[in-house]
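Colleague: Sharing a model prediction with you, sequence too.
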Amino acid sequence: MTDDIKQYAVQKSEAEWKAQLSPAEFQVLRQAGTERPFTGEYTDTKTLGVYKCRACDAELFRSESKFDSHCGWPSFFAPLAEDRVQYIEDITLGMKRVEVRCANCGSHLGHVFEGEGYPTPTDLRYCINSISLTLQPA
């Protein structure tokens with residue numbers, strides 16, 4: 001499920017990203033941080049629409065794939081299309097996980113977890129930081 005690091009369509013310097021993003025957005029999107037659970041604006045959102053990358057505006061997830069996992073972050077069972085995200089092995093914090101990045105700009109979105117018993121069509125939970133997304137209502 002993981003890919004090698006690749007070149008992205010949207011490439012900016014660290015200074016350009018810092019000028020575009022708020023300090024909190026930069027910390028999550030460009031430094032692979034995590035927002036505190038149950039604090040994100042989309043954790044409990046039921047609005048229909050498309051979730052886009054906050055850094056580059058690429059369409060990533062549809063509201064129809066969002067579900068209530070009660071984990072503290074927005075959860076999806078699939079991306080809009082597999083080519084919209086990139087998977088990177090993450091062995092930080094003493095655990096093995098799969099990081100999810102925007103395939104268009106390389107920004108950190110969150111992690112994907114498999115086999116947790118959620119009743120989803122894919123048996124996957126994309127645990128995504130709200131601050132990594134913007135919602136375009138339908």
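Modeller: Great, that's in hand.
Colleague: Low-confidence stretches in the protein?
Modeller: Using pLDDT under 70 as the threshold, the predicted model of the chain has low-confidence ranges 1-6.
Colleague: mind listing the strands for it?
Modeller: 49-53, 59-62, 66-67, 75-76, 85-90, 97-102, 108-114, 124-128, 133-137 (DSSP state E).
Colleague: so which of the ones you listed gets nearest Q31?
Modeller: Distances from Q31 to each of the strands of the chain were compared by C-beta to C-beta, and the smallest falls on strand 108-114, at 7.5 Å. Bear in mind the C-beta positions are built from the backbone N, C-alpha and C, glycine included.
Colleague: partners of that closest one, with directions?
Modeller: The pairing partners recorded for strand 108-114 under DSSP bridges are strand 97-102 (antiparallel), strand 124-128 (antiparallel).
Colleague: can you redo the ones you listed as a markdown table with distance to L60 and mean neighbour count?
Modeller: Output for the strands paired with strand 108-114, formatted as a markdown table (distance: least, C-beta to C-beta, whole Å; neighbours: other C-beta atoms under 10 Å):
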| stretch | distance to L60 | mean neighbour count |
| --- | --- | --- |
| strand 97-102 | 7 | 21 |
| strand 124-128 | 8 | 24 |
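Colleague: Out of the strands of the chain, which one sits most buried?
Modeller: Comparing those by mean neighbour count (mean count of other C-beta atoms under 10 Å), strand 75-76 comes out on top with a mean of 26.
Colleague: Give me the outermost residue of the protein relative to its centroid.
Modeller: No residue in the chain has its C-alpha farther from the mean C-alpha position than A15, which lies at 22.1 Å (C-alpha atoms, centre = their mean).
Colleague: For that one, give me its contacts.
Modeller: Contact analysis of A15 by C-beta atoms under 8 Å, 6 or more residues apart in numbering lists nothing.
Colleague: Show me the residue at the heart of this protein, geometrically.
Modeller: Within the chain, one residue has its C-alpha closest to the average C-alpha position: by C-alpha atoms, centre = their mean, that is L109, at 2.6 Å.
Colleague: correct me, but that residue touches S132?
Modeller: Yes: with contact defined as C-beta atoms under 8 Å, L109 and S132 form a contacting pair (4.6 Å).
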